[in-house]
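Trainee: Give me coordinates for this.
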Amino acid sequence: MTGDGEPGPLAGAGTLHVVGTPIGNLGDVSPRAAATLAAVGLVVAEDTRRTRPLLTHLGIHVPCWGLPAPQEERRLPRVLERLQRTDVALVSDAGMPTVSDPGRRLVAAARAAGHQVVVVPGPCAAVTALAGSGLPADRFGFLGFLPRSPGRLRRAVAEAGSGTLVFYESALRLPRTLALLAPQLDRRTVVVARELTKRHESWETGTAAELLLAFAARPPRGECTVVVGPTPAAGAELP
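Mentor: Numbering: from 1, shown residues only. Model prediction:
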């Protein structure tokens, strides 16, 4: 047992490597990530159709199994059995596994079984958008993908508080989400970062109401990360 009461690493057992992958630009894959993916005996991916092209781009030929969110629990035993014999890399379609992506159950199960878990840091859309938003980033709340129910959506944002918030939203649902949140967010600055690190990356800034009008004229496309600034102090002007 380790000092914190968890089992120590299993002798001869494999290590689970949690590997961050590019969120768009393949040039963002780190040398360490590429070396790790080439060295393991198995890559476990959110969607093999997204991961195999990355492995091919890197010239890596390693078995790749799918671990989509709906089937993660059912497929865990098979992955853990393989982890007894070889190192395994966990990746998601883009960014860091387990951050609004599958993999949390595998990481928890691997730790519980005594396997070493090593994280190979990589890109993250939430942090990338936050860094480029110009909004306060010393503290922030990450909401992942918001609930689809209007009531639950508003409640999730209300419970997150008045500080900087970051969440993911599809371009298709973004106008509806902004419409639902516009009265609630009032004068708070909203930054929509779209298609981060890709050729058509774009940034839009305004209040939720202003962005709703802008997107009515030019519907957004692609993957969106939304950053909401803190509630402005009384009498303060928007940046």
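Trainee: contacting residues for the residue nearest the centre of the chain?
Mentor: Central residue of the chain (C-alpha atoms, centre = their mean): Val99, 4.2 Å from the mean position. Going by C-beta atoms under 8 Å, 6 or more residues apart in numbering, Val99 touches Ser92, Cys124, Ala126, Gly144. For every residue, glycine as well, the C-beta is placed using N, CA and C.
Trainee: Please apply the same query to Ala34.
Mentor: With C-beta under 8 Å, 6+ apart, Ala34 has these contacts: Leu58, Ile60.
Trainee: Name the SS class of it, please.
Mentor: Counting by DSSP: H, G, I helix; E, B strand; the rest coil, the backbone at Ala34 sits in helix.
Trainee: which residue ranges form the helices in the chain?
Mentor: Taking DSSP state H, the helices of the chain run over residues 31-39, 48-57, 72-83, 104-112, 125-133, 150-160, 174-185, 208-217.
Trainee: Can you list the buried residues in the last one?
Mentor: The neighbour-count check on helix 208-217 (16 or more other C-beta atoms under 10 Å) flags Ala208, Ala209, Glu210, Leu211, Leu212, Ala214, Phe215 as buried.
Trainee: from those, which is closest to Leu55?
Mentor: When those are compared for distance to Leu55 (C-beta to C-beta), Phe215 wins out at 35.9 Å.
Trainee: Verify the stated contact: the closest one with Arg176.
Mentor: No: applying C-beta atoms under 8 Å as the test, Phe215 and Arg176 come out as separate, 10.4 Å apart.
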